[in-house]
Structures are given as structure tokens and as C-alpha cells.
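Trainee: give me the fold of what follows.
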Amino acid sequence: MDELSALFSSGDAGVSAGVRAAWHDDPAAMSGDSSAPVDDWCELSDYLNRARHNPR
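Mentor: Numbering: from 1, shown residues only. A predicted model of the protein is given here:
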């Protein structure tokens with residue numbers, strides 16, 4: 001997912017962080033699906049953030 005993000009942001013860490021924050025703050029708006037279960041998106045976002053900070 002980070003590699004895909006880098007393709008769209010040209011590797012700009014600030015842009016990537018902004019997009020991640022937007023997905024975390026309002027996933028339904030970002031997905032275009034107002035019925036999207038917010039908790040599921042937040043759990044995925046939290047998981048990915050933990051993985052970024054604790055690579056194996």
C-alpha cells in the first residue's frame with residue numbers, strides 16, 4: 001500500500017501523511033461510500049501505522 005501511495009504522491013512524505021490522515025479521519029468520504037463502516041477503516045489504518053513503525 002505504501003508503494004502504491006508513493007506512485008501517486010511522487011514519494012512526497014507530506015502528501016502521503018496527509019492522505020493517510022484523511023483516510024483515518026473520514027474514511028467514508030475518502031472511499032466515496034457513505035455507508036462504509038468507519039471502525040473497519042480505522043482498524044486497518046491503525047494496523048498499517050503500527051506495521052510502518054515496527055517493521056520486521
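Trainee: from here on, just use CA atoms for contacts and neighbour counts.
Mentor: Will do.
Trainee: and the top helix by length along the chain, what other elements does it pack with?
Mentor: The longest helix of the chain (DSSP state H) is helix 38-53. In terms of contacts (3 or more C-alpha pairs under 8 Å, 6 or more residues apart in numbering; DSSP states H and E), helix 38-53 is packed against helix 13-25, helix 27-31.
Trainee: sort out which residues of stretch 7-21 are buried, please.
Mentor: Residues of stretch 7-21 classed as buried: Ser16, Arg20 (neighbour count, 16 or more other C-alpha atoms under 10 Å).
Trainee: what about it, how long is it end to end?
Mentor: Here the two ends of stretch 7-21 are set 18 Å apart, with distance taken as C-alpha to C-alpha, to the nearest Å.
Trainee: the residue nearest the centre of the chain and Phe8, how far apart?
Mentor: Central residue of the chain (C-alpha atoms, centre = their mean): Arg20, 3.5 Å from the mean position. Going from Arg20 to Phe8 by C-alpha to C-alpha gives 13 Å.
Trainee: grab the nearest non-local neighbour of His24.
Mentor: What sits nearest to His24 in space, not counting adjacent residues and going by C-alpha to C-alpha, 6 or more residues apart in numbering, is Cys42, at 5.6 Å.
Trainee: per-residue pLDDT, the residue of the chain most remote from its centre?
Mentor: Going by C-alpha atoms, centre = their mean, the residue of the chain most distant from its centre is Arg56, 20.1 Å out. Note for Arg56: predicted pLDDT of 71.
Trainee: what does Ser5 give?
Mentor: In this model, Ser5 is scored at 67, pLDDT.
Trainee: ok, Asp2 next?
Mentor: For Asp2, the pLDDT comes out at 63.
Trainee: cool, His53 as well?
Mentor: At His53, the pLDDT value in this model is 82.
Trainee: can you tell me how far the residue farthest from the centre of the chain is from Ser16?
Mentor: Taking C-alpha to C-alpha, one finds Arg56 at 22 Å from Ser16.
Trainee: for the protein, what helix or strand is lowest in average pLDDT?
Mentor: helix 2-9 (a mean of 70; mean pLDDT, DSSP states H and E).
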